[in-house]
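A.B. asks: Give me a 3D structure for the following:
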Amino acid sequence: MTPDKVITIDGQEVHIGGEVESVRVNLSRTVKDPPEVRVKLSKMSKGYQWEISADGPDPKAVLDLISDTDFTLQQKYASPDE
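C.D. replies: Residues are numbered from 1 along each chain as shown. Next comes the predicted model:
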């Protein structure tokens, strides 16, 4: 009997027994921290307009991110007459 081989996958030890030619591991992880922001920027005849959306586990962080993003867009894309 062949002794087990031990490999570590994402911090967990996995014991593999028998003859092993190859091991393929696919790992997927969704992380929602920090908040994700999405911006839709549209060029109009009289300037730009945008939509900002964000989500995350911390409402204050989401609101701060939206505010910071809007400020940045205002600085770069706002019409001079606004």
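A.B. asks: Tell me the helices and strands packed up against the host helix or strand of Gln75.
C.D. replies: Take DSSP states H and E as the rule and Gln75 turns out to sit in helix 59-77. On a contact count with 3 or more C-beta pairs under 8 Å, 6 or more residues apart in numbering; DSSP states H and E, helix 59-77 meets strand 36-44, strand 47-55. C-beta coordinates here come from the backbone N, C-alpha and C atoms, glycine included.
A.B. asks: centre of the chain versus the last one, how much separation?
C.D. replies: Going by C-alpha atoms, centre = their mean, to the nearest Å, the spacing between the C-alpha centre of strand 47-55 and its chain's C-alpha centre is 18 Å.
A.B. asks: And the closest residue to Ser79 other than its chain neighbours, what's its pLDDT?
C.D. replies: In space, and not counting its chain neighbours, Ser79 is closest to Gly47: 3.8 Å by C-beta to C-beta, 6 or more residues apart in numbering. We have a pLDDT of 89 for Gly47.
A.B. asks: tell me the contacts of the residue nearest in space to the middle of the chain?
C.D. replies: The centre of the chain sits closest to Glu36, judged by C-alpha atoms, centre = their mean, with a distance of 5.7 Å. By C-beta atoms under 8 Å, 6 or more residues apart in numbering, the residues touching Glu36 are Ala54, Asp55, Gly56.
A.B. asks: Sweet, I'm off.
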